[in-house]
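# Any chance you could fold what I've pasted below:
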Amino acid sequence: MIQQGSAYWLKNQDSQNSHFNLLELASTQRAITNYVKILTGREIPVDFVDPRGDSMTDGESIEIASRISHNNIDEVVGLALHEASHCVLTDFKVLKKLGNVILSNDRYKHLFPNKDHVFLITNFMEDRRIDNFVYNSAPGYKAYYESMYKSSFFNENINKGLKSNKYRTETWESYLFRIINIFNPNSDLDALYNLRKIYDIIDLDNIDRLKSTRDSIEVAMEITDIIRASIVVDKMINHEDFDKSKLEKSHKKEGENNSISKEKIKNAFQKQENFIKGKVKKTKGISSKQLKQIDAISKANVEIFKSKFEDKDISVHIIKKLTDEVIKSGLYGVFQSPSSLLGSEYNNCYEKGINKGKRLLKKLQIRNESTSLESHRLKKGKIDTRRIYASDFTEDIFKRIDRSNYKPLSIHLSIDGSGSMRGDKWNSTLINAIALGYVSLNVDNIDLVITIRTSGDLEGRHSHVPLLIFCFDSKVNKVHDLRKITNYRLVGSTPEGLCLDALNKFIPQSSYYLDSYLINMSDGMPNFRARNGSEYVREEAYTHTASVINKVKKKNIKLLSYFISKNKNKYKTEASECFKQMYGRNSRFVDVDNINQITQTLNKLFLSENMVS
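You can find the predicted model right below:
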């Protein structure tokens, strides 16, 4: 069966109910933004909004309701696409000056008192015009449009109302109700005196004859004039002095006397009017804080990785870009506001790290240099111009220059961000990580990525998840971006192998032209418990982490793993054995008071004679 609409691209990632979680809302926002960009050819922002207000688009931006579920997603996407087509095809300047347009038309200027009705019918005609254009030019969007119309125009109350004996008197309300639903299969064109005539004027089968908003206004004014005249004539016919014997037989007929109340029909009709006017009322959805987190998720490009553990998949959430929005929104509960760090110990770590990086850099400048070897008297290569003038062409007059550079290094520095790292261990780790980040920004052939492994709560305590945070990438970040790492809060647990499994897909394979390294800094054993009862602990977790490390090694990635400890105790002994089991002979044990051993080891690595032509 071919999947259509959102079923094709949206997967129920971690939802426990029909309503979307924040990740799904962000995914939907990105998808809608992409659709809108494709449709309009413009960068039109699509945002979730607070329940206050009701405008959907002003031609420059689009707002979508925050309460989205798996049941109404296609309807919401269809509504956003509908508003996007307005951005492309509707002349909003003309609509804003509709009163002037009416007054400037000698034939219809008497309709100025009825300009609100002209406006509604104009919008109705515009909807038919632009939806027809998109429906035929972008058939891939049909499923979304059909879902949107099914919700707003083909619901049960409207269907019953059209067949009922209600809205069959010659009033503005009756005409507008039946005109708005004139394309509904249950529409009765004989319900009002001139409804069939209006249907012929609308001419849905040839709606593409309307090329502009002004064309829609012309049709709307003609229809409004017919309705106005019908109401006037109806009042004359029903006047006690009118001679009804001379009245020709009317096309008007009675409808069903069904059970639906006029109030129900009116409520459904009001929703349709709001839709046509571009006023889709937002239902109470999510808080302002959650809206900020959705924006942060979108900008940080958060994604989910499924790590296989025993007989189940565990979702690891990956923050691929540490942005200011992520930090300020408090996403996952693992960041604190930069303002709270002024003068703090972590802020001092940044300064110390930069200073240490500068000292390291002085020793590493040699990596920016290259060596060259020039060979002469060769049978082929480039002509040696210095030998041509003296050559009798019996000698070899070619040369070749061989240049060698230090082999590029791709280093992934992954740090344990669990609560047990708090204190001196984290301060020392932070200083060294920032120092290495500074070095990587100033040495051409060293690329460094810094990640933190932890756990966090996406939406309250019941959504506790393993979390991998990409904090820094020397290819795209600047030196001031290293300061963002100091905003991290050490509150999580240790989903060691789960996060490393997710990280593995981002680490490039070693080759003749590249040395790839994974450097691990941690202080404990794998330990993660989800709120739903899932556990990642003890021997099973150690074994899983070891298997992940083996997958890393199969890519010829070199591993340096450091166990950071402070005091000798029973826990350290147990953790050390666990550490060896997971990382094998690549394990290194570093005292927190002498963590400089790590940078000293790496310094030797950076300066090793590993050249490539």
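# mean confidence score for stretch 36-52?
Stretch 36-52 carries an average pLDDT of 73.
# hang on, I meant stretch 79-89
Averaging pLDDT residue by residue across stretch 79-89 gives 85.
# excluding its backbone neighbours, what's nearest residue 437?
Leaving aside its sequence neighbours, residue 437 sits nearest to residue 482 (Cβ to Cβ, 6 or more residues apart in numbering; 4.7 Å). C-betas here are computed from N, CA, C, even on glycine.
# Please apply the same query to residue 74.
Of all residues not flanking residue 74 in the chain, residue 147 sits nearest, at 3.7 Å (Cβ to Cβ, 6+ apart).
# So that neighbour, which state does it fall into?
Of the three states, residue 147 takes helix under DSSP: H, G, I helix; E, B strand; the rest coil.
# What of residue 590?
strand.
# I'd say the residue nearest to residue 74 and residue 81 touch.
No. Residue 147 lies out of contact with residue 81 (Cβ atoms under 8 Å); the separation is 10.8 Å.
# And the two? Which one has more around it.
A count of neighbours by other Cβ atoms under 10 Å puts residue 81 above the other of residue 147 and residue 81, at 24 against 21.
# For that one, pull up the helix or strand it's in.
helix 73-89 (DSSP states H and E).
# I'd like the next helix or strand past that helix.
helix 92-96.
# Dump the C-alpha coordinates for the helix holding residue 81 into PDB.
The C-alpha trace of helix 73-89 is given here as PDB (Å, rounded to 0.1, in the frame of the first residue of the first chain):
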ATOM      1  CA  ILE A  73      -1.500  16.400  11.000                       C
ATOM      2  CA  ASP A  74      -2.500  16.200   7.300                       C
ATOM      3  CA  GLU A  75      -5.200  18.800   7.900                       C
ATOM      4  CA  VAL A  76      -2.600  21.200   9.500                       C
ATOM      5  CA  VAL A  77      -0.100  20.700   6.700                       C
ATOM      6  CA  GLY A  78      -2.900  21.300   4.100                       C
ATOM      7  CA  LEU A  79      -3.900  24.500   5.900                       C
ATOM      8  CA  ALA A  80      -0.300  25.700   5.900                       C
ATOM      9  CA  LEU A  81       0.100  24.900   2.200                       C
ATOM     10  CA  HIS A  82      -3.200  26.700   1.500                       C
ATOM     11  CA  GLU A  83      -1.900  29.800   3.300                       C
ATOM     12  CA  ALA A  84       1.400  29.500   1.400                       C
ATOM     13  CA  SER A  85      -0.400  29.600  -1.900                       C
ATOM     14  CA  HIS A  86      -2.100  32.800  -0.700                       C
ATOM     15  CA  CYS A  87       1.500  34.200  -0.200                       C
ATOM     16  CA  VAL A  88       2.200  33.500  -3.900                       C
ATOM     17  CA  LEU A  89      -1.000  34.200  -5.700                       C
END
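# Which neighbouring elements make contact with that helix?
Where contact means 3 or more Cβ pairs under 8 Å, 6 or more residues apart in numbering; DSSP states H and E, helix 73-89 is packed against helix 22-40, strand 62-64, helix 115-137, helix 142-152.
# quick one: buried residues of that helix?
73-89 (16 or more other Cβ atoms under 10 Å).
# same thing with stretch 440-453?
Neighbour-count burial for stretch 440-453 [16+ other Cβ under 10 Å]: 440-443, 445-453.
# low-confidence ranges in the stretch 401-550 of the chain?
For the stretch 401-550 of the chain, applying pLDDT under 70 flags the ranges 401-406, 460-462, 531-532.
# Going along the chain, name the strands of it.
For the stretch 401-550 of the chain, the strands defined by DSSP state E, counting those that start in this stretch occupy 409-416, 446-457, 464-473, 515-522, 528-529, 535-536.
# Make JSON lines from these and add distance to residue 174 to it.
Below are the strands of the stretch 401-550 of the chain laid out as JSON lines (distance: least, Cβ to Cβ, whole Å):
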{"stretch": "strand 409-416", "distance to residue 174": "69"}
{"stretch": "strand 446-457", "distance to residue 174": "54"}
{"stretch": "strand 464-473", "distance to residue 174": "55"}
{"stretch": "strand 515-522", "distance to residue 174": "73"}
{"stretch": "strand 528-529", "distance to residue 174": "63"}
{"stretch": "strand 535-536", "distance to residue 174": "65"}
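# Determine which of the ones you listed approaches residue 305 most closely.
Set against residue 305 and scored by Cβ to Cβ, these come closest in strand 464-473, at 7.7 Å.
# Partner strands of the closest one and their direction?
Here strand 464-473 is paired, per DSSP bridges, with strand 312-319 (parallel), strand 446-457 (antiparallel).
# orientation of the longest helix seen in the chain relative to helix 73-89 in degrees?
Secondary structure of the chain per DSSP state H: the longest helix is helix 213-237. Angle, helix 213-237 to helix 73-89, by axes from the mean of the first three to the mean of the last three Cα atoms, to 10 degrees: 110 degrees.
# What's the end-to-end length of stretch 165-184?
Stretch 165-184 has an end-to-end distance of 17 Å (Cα to Cα, to the nearest Å).
# Repeat that for stretch 303-314.
End to end - Cα to Cα - stretch 303-314 spans 13 Å.
# Could I get the average pLDDT for that stretch?
Mean pLDDT, computed over stretch 303-314, is 88.
# Can you tell me the closest non-neighbouring residue to residue 127?
residue 276 (6.2 Å).
# residues near residue 35, how many?
The tally of other residues near residue 35 (other Cβ under 10 Å) stands at 19.
# what's near enough to touch it?
Taking Cβ atoms under 8 Å, 6 or more residues apart in numbering as the criterion, residue 35 is in contact with 77, 80, 81, 84, 141.
# Residue 331 contacts residue 295, doesn't it?
No. Residue 331 is not in contact with residue 295 according to Cβ under 8 Å; the separation is 9.9 Å.
# if you count what's nearby, which of the two comes out ahead?
Taking other Cβ under 10 Å, residue 331 and residue 295 do not tie; residue 331 has more neighbours (27 against 19).
# Now do the contacts for the more buried one.
Residues in contact with residue 331, defined by Cβ under 8 Å, 6+ apart, are 293, 296, 297, 300, 319, 456, 458.
# ok, of the residues you listed, which one's closest to residue 539?
Residue 539 has its nearest neighbour among the contacts of residue 331 in residue 456, at 25.6 Å by Cβ to Cβ.
# Now for the closest one, how many residues are close by?
Applying other Cβ under 10 Å, we find 23 residues neighbouring residue 456.
# With adjacent residues omitted, what lies nearest to it?
residue 332 (3.0 Å).
# before we move on, the earlier item: can you tell me which of the buried residues of stretch 440-453 comes closest to residue 510?
Distance to residue 510 across these (Cβ to Cβ) is lowest for residue 447, with 13.2 Å.
# Could you list everything that closest one pairs with in the sheet?
Residue 447 has these beta-bridge partners by DSSP bridges: residue 410.
# correct me, but it touches residue 410?
Yes. Residue 447 lies in contact with residue 410 (Cβ under 8 Å); the separation is 5.0 Å.
# how much space between residue 437 and residue 504?
For residue 437, the distance to residue 504 equals 21 Å [Cβ to Cβ, to the nearest Å].
# quick one: which of those two has more around it?
Using other Cβ under 10 Å, the more surrounded residue of residue 437 and residue 504 is residue 437, with 25 against 19.
# now the stretch 51-200 of the chain, which segments are flagged as low pLDDT?
Along the stretch 51-200 of the chain, the model assigns pLDDT under 70 to residues 51-59, 65-67.
# Much appreciated, bye for now.
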